[in-house]
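Student: fold the following for me, if possible:
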Amino acid sequence: MSVFPVARISKWGYHKGNGTRWFGAPRDDGRIHAGCDLLARPGTKVLAIDHGTVQYRADFYLGTDQLVVKHGNFIVRYGEVAKDKKVKGIKNGSVVKPGDVIAYVGRLKMLHFEMYQGTETGYLTRRKNKDYKFVDPKNYQRRADLIDPTPYLDAWKAWSQFSDWIDDVMDDYF
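Tutor: Reported below is the predicted structural model:
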């Protein structure tokens, strides 16, 4: 069963109408936001949402890293993770399962979460390459198989909250 990607679910949303953290939000430079930003304190655990294999870890944005994981038929970019705090054993080729700690929220106080269908190949972002097969509209500046993660996050959030409730009930009565 898939899990929500941060260990602590913020009360601040990632849906349209919540600042510019939602998928598709306009950016000042004309870009469109290609993921959902999940607010969390620096150092908060970032969890693997499902079974998968780590593809790579690399520089991302403003002193943070990205961790890219192939989860079955889709790919997730866990962005804006801590550059200076890495999880031992998480490297290219590492196999992860739902709920494994794979990274920590970085200095920007959020996890930037992007999803891809896995139907394309190559880099997830290629801003300067005019021949690159971008998602439409091109303002996303991402690979053509980019998908909106919002409905997935909603389902995983509901499941995570239900699982926590079950754990509380079990602790109280057994």
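Student: quick check: the most centrally placed residue in the chain vs residue 30, distance?
Tutor: Nearest to the geometric centre of the chain sits residue 113, at 2.5 Å (Cα atoms, centre = their mean). Per Cβ to Cβ, to the nearest Å, residue 113 is found 22 Å from residue 30. C-beta here means a position set from N, CA and C on the backbone, and glycine is covered the same way.
Student: pretty sure the residue nearest to the centre of the chain sits in a strand.
Tutor: Yes. Counting by DSSP: H, G, I helix; E, B strand; the rest coil, residue 113 falls inside a strand.
Student: doesn't residue 149 make contact with it?
Tutor: Yes. Using Cβ atoms under 8 Å, residue 113 is in contact with residue 149, at 5.6 Å.
Student: on that earlier part again, check what pLDDT the residue nearest to the centre of the chain gets.
Tutor: Residue 113 is assigned a pLDDT of 95 by the prediction.
Student: assumed residue 154 was part of a helix.
Tutor: Yes. Assessed with three-state DSSP, residue 154 lies in a helix.
Student: and the strands in this protein?
Tutor: When secondary structure is read from DSSP state E, the chain shows strands at 36-39, 45-47, 52-59, 64-71, 74-82, 95-96, 101-104, 110-116, 146-147.
Student: what is the rounded mean pLDDT of the last one?
Tutor: Going back to what we said before, that points to strand 146-147. 90.
Student: likewise the fifth one?
Tutor: Model confidence over strand 74-82, given as mean pLDDT, is 96.
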